[in-house]
Each structure stands twice: as C-alpha cells, then as structure tokens.
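Undergrad: I need the structure of the sequence given here:
(one chain, ligands or ions: 2)
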Amino acid sequence: MTPNDRQSEASGDGMDGILFNRKMAAADTHAPEDETSTTLLAKQGDLEVMLYRIGGESVVWLYPASDPDAIEFFFVHEGVVELALDDGVVSLGPGESFSVSGLTREIPVKMQGATQILYVTNCPAYESVSRFEESLSELLKRVNEKDHYTYRHSKAVLHYSLALYDAMQESCPAIPRDDLAVAALFHDVGKCFVPVEILQKPEKLEHAELRYILRHPVDSGRMLLPKFGEQIAEIARNHHERLNGSGYPRGLRTEDISLSSQIVAVADVFDAMTTDRGYNVVKTFSEAAAELLSLPEEFDTRITKVLSRLVTSGALEEGGAASA
Ligand SMILES: [Fe+2]
Ligand SMILES: [Fe+2]
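TA: Ligands and ions are numbered 1, 2, ... in the order given. Have a look, this model is predicted:
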C-alpha cells in the first residue's frame, strides 16, 4: 500500500493503544515531494520509525554510532540502494532490508533514482535530520530569491566539486562527501547581503560596490558555521583565497587553505569562466581547464590536473551544469 492509498482511506477511530497514521505526506514532512524528505511515522522513547524519501540519484552516508547499543534498520520500500562495502557493492531492492550496529567506519549508500526507505532506529535522529533538511531548503530558497544566476551557479559548483572529489581518489580530502556537497552548494550564500543591483550589474563595479562583493565569503562562512560546523564554514569562507596569497578576503596562503576549499575554488572559477555572465568572454570547457592548469601558483595542480582529465574524457558535459 502506498502512502497515497493510505491518505485516501476513510479514517477510523481505532481503540486505546492503537495509533493510526493515514497522512504521511502532511505535517511531518520536511521537503517538497521531488526532494529528500523524512517523515516521522511513530515514536516511543528513543525508538523512532521514519519514512525516508529521496527524489533522485543521491548518496547518503552511514556513520559509526557513539552509542554501542545503537541499531538502525532500513527496509527498502521502493527503488534500489547500493552499499559500498570493503569487499564490493551490495545492491538491495524493494522488500529487502539491512540493519546497522557496531559499524567501524562510514559507508556510502547510493540511491539510483526515486527511493523510499523505512528507517527504524533506537538512537533518536528525526529532530536533527529534519532540522538539517529545513536549514538546507531555507538557505537554498534565500539564494534563489535573491539572484537566479547565483542559484544556477551554486548547483553547477556542486556538480563540478563532487565530480572532482569522486575522481581524486587517493588524494581526496579528509571530508565526508556530503559535507563537501553542502559547502559547494552554499559557498555563495553570503551574497544574500549584497544588493541585487550590484550582483546583477553588467559594468565594472565601483570601489564601494566591490566592498560588498569582497565580504560575501565571510558572510557565507558566518551563516554556515552554526548550522554545519567549522569544516563546512571554512570551505565557504576561503573559496576565493588563492595559494599564492592573491585571493580574498584574507589573502591566505597554501598552508592555511584546505584542499576541500581549493576544490570548490576550482569548481567556482571553472563555472564562472564557462558561463555567460553578461560581461565576460565565455570559454569552452577545454580552454577554461587549460587556463586553470596554467596557474599552479593560484590553484592546486592535484585538482586542476583532474579537472583537465575529466574535461578531456567528456565526463563533465559542456552545458550540462547550466541546466542543473
Ligand atoms: Fe563566491
Ligand atoms: Fe561562486
């Protein structure tokens, strides 16, 4: 029976000790239908039963729990999930389930498309998961309302950053993929404080106007810090810093800029170079990748070499990110 079937059922009164939940999609859902959402179906003490809905291809991570008695149970209701374990990938479809207890390292779980998972845990997760989802949708909404270019750009930077992260393998930075994704998507959220006429001005900016732009990485970091912590805030704060100290806002050098922040910086400039912003010469993917590779004093060559390889192999489709 699908959630919609349940919604259309007539409601009954039941009896003491039985609680019916016929409207899964209503009050306790924290994201639009086509995005990720978590619905709390039942709760007693620390035990929570949730429906986890994922709108499309995505990766979530299972982390070792701090409580040794914690157990998490996942039942695949719809779609296919893939767990990347030490000895290979395990694929689970509708009707199959797995439980997690005593995990020693994080495990990526990949959803290939629309997926629904029944999630039961004795380690309360709903409040933090739903708060996290609310924070993300709220931030994204603010970026989009302010400036659609920044919204489109943010999604493109997310796309390029994750492609770089996935392809970097052994030189990959020590940050969970999901954290890099959050930082990439919200690196420019501080532009909320820049007047829209400055953001969209096609001509060269005046000195006073430029000061607004130069502040946005600081504001992005400040906005992300309380919600997501220092590792994510640092990436946003430093995405305009350059290895030789020529960047802004603080002119940091190599040793003070994380590799994750450099990945977002390369993705950020790559999108800016290859997108028509009304005042720039739009470069092809190959031209932009070659130019970034020719600037080792500014951009880490571990990243720009991977970018070149991805562009040459066609893994980053030209024009693909523009509609992402
Ligand atoms: Fe920026
Ligand atoms: Fe940006």
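
Undergrad: how about R142: what's its closest non-neighbour residue?
TA: C192 (5.4 Å; C-beta to C-beta, 6 or more residues apart in numbering). Any C-beta I mention is one placed from the backbone N, CA and C, and that applies to glycine too.

Undergrad: show me what contacts the one you found?
TA: Residues counted as contacts of C192 (C-beta atoms under 8 Å, 6 or more residues apart in numbering) are 142-143, 146, 219, 223.

Undergrad: partner strands of the strand or helix carrying L41 and their direction?
TA: Using DSSP states H and E, L41 maps to strand 37-44. Sheet pairing of strand 37-44 (DSSP bridges) gives strand 47-54 (antiparallel).

Undergrad: low-confidence ranges, the stretch 201-324 of the chain, go.
TA: 318-324 (pLDDT under 70).

Undergrad: near ligand 2, which residues of it?
TA: Neighbours of ligand 2 within the stretch 201-324 of the chain, by C-beta under 5 Å from the ion: D268.

Undergrad: quick one: secondary structure of V89?
TA: Secondary structure, DSSP: H, G, I helix; E, B strand; the rest coil: V89 is strand.

Undergrad: list the contacts for it?
TA: V89 touches 82-83, counting by C-beta under 8 Å, 6+ apart.

Undergrad: could you check how far it is from Y165?
TA: 19 Å (C-beta to C-beta, to the nearest Å).

Undergrad: cool, I257 as well?
TA: 16 Å.

Undergrad: same check, this time on D46
TA: Taking C-beta to C-beta, one finds D46 at 34 Å from Y165.

Undergrad: neighbour count: these two, which is higher?
TA: Taking other C-beta atoms under 10 Å, D46 and Y165 do not tie; Y165 has more neighbours (23 against 13).

Undergrad: what's next to the helix or strand harbouring the more buried one, contact-wise?
TA: Under the criterion of DSSP H and E, Y165 resides in helix 148-168. Here helix 148-168 makes contact (C-beta under 8 Å, 6+ apart) with 140, 143-144, 172-173, 177, 180-181, 183-189, 191, 199-200, 263-264, 266-268, 270-272, 275, 277, 302-303, 306-307, 309-310, 315-316, 320-322, 324.

Undergrad: now list the buried members of these.
TA: Buried by 16 or more other C-beta atoms under 10 Å: 140, 143, 172-173, 177, 180-181, 183-189, 191, 199, 263-264, 266-268, 270-271, 275, 303, 306-307, 310, 316, 321, out of the contacts of helix 148-168.

Undergrad: count of neighbours near the residue of the stretch 1-150 of the chain found nearest ligand 2?
TA: Nearest residue of the stretch 1-150 of the chain to ligand 2 (C-beta to the ion) works out as T150 at 7.3 Å. Per other C-beta under 10 Å, the neighbour tally for T150 reads 20.

Undergrad: likewise T304?
TA: 24.

Undergrad: can you check H239 too?
TA: Neighbours around H239, by other C-beta under 10 Å: 29.

Undergrad: how about P108?
TA: 16.

Undergrad: and it, that's in a strand?
TA: Yes - counting by three-state DSSP, P108 is located in a strand.

Undergrad: leaving out chain neighbours, which residue sits closest to it?
TA: A84 (4.9 Å).

Undergrad: swap in V100?
TA: Nearest to V100 is E72, by C-beta to C-beta, 6+ apart, at 4.5 Å.

Undergrad: the one you found contacts I117, doesn't it?
TA: No - at 10.8 Å, E72 does not count as touching I117 under the criterion of C-beta atoms under 8 Å.

Undergrad: any common contacting residues for these two?
TA: By C-beta under 8 Å, 6+ apart, E72 and I117 have no common neighbours.

Undergrad: which one's more surrounded, those two?
TA: I117 (22 against 19).

Undergrad: okay, now N280: neighbour count?
TA: 12.

Undergrad: tell me the SS of K201?
TA: Per three-state DSSP, K201 ends up coil.

Undergrad: list the residues that contact it.
TA: Counted by C-beta under 8 Å, 6+ apart, K201 has contacts E209.

Undergrad: now find how far off-centre stretch 170-180 is within its chain.
TA: From the chain centre to the centre of stretch 170-180 is a distance of 12 Å (C-alpha atoms, centre = their mean, to the nearest Å).

Undergrad: can you give me the mean pLDDT across stretch 65-80?
TA: Averaged across stretch 65-80, the pLDDT comes to 86.

Undergrad: in which helix or strand does the residue lying closest to V266 once chain neighbours are set aside reside?
TA: Once flanking residues are discounted, V266 sits nearest to I303: 4.8 Å by C-beta to C-beta, 6+ apart. For I303, the host element (DSSP H and E) is helix 301-313.

Undergrad: contact partners of that helix?
TA: 160, 163-164, 167-168, 171, 259, 262-263, 266, 270, 285-286, 289-290, 292-293, 295-296, 316.
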